[in-house]
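[1] Got a predicted model here, sequence first, then my questions.
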Amino acid sequence: MDLVDLFKDSLRYPAENRMAWLMIMVICFVNSMALASIEDNIVVTVIVSIIVLIVSLVCAGFSLKVIRSQIDNTEVTTNDMTQLPENITSDLVGGIKVAVVEIVYSLVAFAITFIFTYLSGSWDKIISFISQLLAVGNVDVIPTSQIVSFAYSMIFVVFVGVILAIIVYLLQTTSIVKLAETGSIMDALNIKDVLSRISTVGWGRYIIFMVLLAIILFVAVIVLGIVSMIPY
């Protein structure tokens, strides 16, 4: 099974395993409601934030388990309540692994963006503009040439950041599949192997499918956003 077929099977999973997916959607919904109910009390905020983080990691681990089930051509069982503690623990561990992989890729993208920003001189221009703005407190007294230089620098940073974000998105997705397959964070961070996997599928085919997947996820986020606005 290649990556594209694997992603297709994962997208079909909700229709074929309604009960399992319904459970994870309920958990995610409760998670979003918990975020919406955060109060000004710092203690309550910290407690709720920790709960939300744990639930998010469990959800990520469950998604990893779904991908793994597609690789092994097995089913994710959710109706055995005696296995619930074990399932939650394994999902939490899987979610932590997913988080580590995503954080590493994000840090690499951030570091590369900073290096490009610094070498191009954009970093000095941005810092100079912010320092002067804080000193005078009014953008009107700052020379137009400095404002234009700041704007161009920000456009450059955003452009580099967006390009790297797209590249990270493509690599990260395949890395998560490798993580589900091997369970090893090091294998998931093996860029050479990840690039080889994508090349096997074909970059054109892979990018087209990932664009379609991004559109599907975007629509799903909009739907969830509308649902979250319903009074509860």
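    Now that the structure is in, tell me what you want to look at. Note that the coordinates shown come from a computational prediction; the quantities given were computed from them, not determined experimentally. Numbers count the residues shown, from 1 in each chain.
[2] ok, residues contacting stretch 137-153?
    117, 120-123, 125-126, 128-129, 132-133, 136 (Cβ atoms under 8 Å, 6 or more residues apart in numbering). To be clear about C-beta, it is placed using only N, CA and C from the backbone, and glycine gets the same treatment.
[3] Find the least confident helix or strand in the chain, judged by mean pLDDT.
    helix 3-16 (a mean of 56; mean pLDDT, DSSP states H and E).
[4] PyMOL command to pick out the buried ones of the contacts of stretch 137-153?
    Buried residues among these (16 or more other Cβ atoms under 10 Å), as a PyMOL selection:
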select buried, resi 117+122+123+125+126+129+132+133
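[5] Redo the contacts of stretch 137-153 as CSV? Include secondary structure.
    Shown next, in CSV, are those (DSSP: H, G, I helix; E, B strand; the rest coil):
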residue, secondary structure
117, helix
120, coil
121, coil
122, helix
123, helix
125, helix
126, helix
128, helix
129, helix
132, helix
133, helix
136, helix
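[6] Count the neighbours of residue 199 for me.
    10 (other Cβ atoms under 10 Å).
[7] Just say helix, strand or coil for residue 87.
    helix.
[8] So for stretch 138-158, mean pLDDT?
    Averaging pLDDT along stretch 138-158 gives 84.
[9] I misspoke; the intended subject was stretch 46-66.
    Stretch 46-66 comes out at a mean pLDDT of 80.
[10] Identify each buried residue in the lengthiest helix in the chain, please.
    Longest among the helix segments of the chain by residue count, using DSSP state H, is helix 144-182. By neighbour count on 16+ other Cβ under 10 Å, the buried set for helix 144-182 is 149-150, 153, 156-157, 160-161, 164, 168, 170-181.
[11] do stretch 53-61 as well
    Taking 16+ other Cβ under 10 Å as the criterion, stretch 53-61 shows 55-61 as buried.
[12] So which of these sit within helices?
    Using DSSP H, those in helices are 55-61.
[13] to the chain's geometric centre, what's the distance from stretch 93-102?
    11 Å (Cα atoms, centre = their mean, to the nearest Å).
[14] Residues touching it, excluding its own?
    The contact list for stretch 93-102 (Cβ under 8 Å, 6+ apart) reads 56-65, 172, 175-176, 179, 183, 185, 188-189.
[15] same thing but at 6 Å, please
    57-58, 60-61, 64, 175, 179, 185, 188 (Cβ atoms under 6 Å, 6 or more residues apart in numbering).
[16] ok, now stretch 110-120?
    For stretch 110-120, contacts defined as Cβ under 6 Å, 6+ apart pick out 123, 157, 160-161, 164.
[17] which one among those residues gets closest to residue 70?
    Closest to residue 70 out of these is residue 164 (28.8 Å), distances taken as Cβ to Cβ.
[18] Contact partners for that closest one?
    109, 112-113.
[19] swap the cut-off to 10 Å and go again
    By Cβ atoms under 10 Å, 6 or more residues apart in numbering, the contact set of residue 164 is 105-106, 108-113, 116.
[20] Can you classify the spatially most central residue of the chain as helix, strand or coil?
    For the chain, the residue nearest the mean C-alpha position is residue 102 (6.6 Å; Cα atoms, centre = their mean). What three-state DSSP gives for residue 102 is helix.
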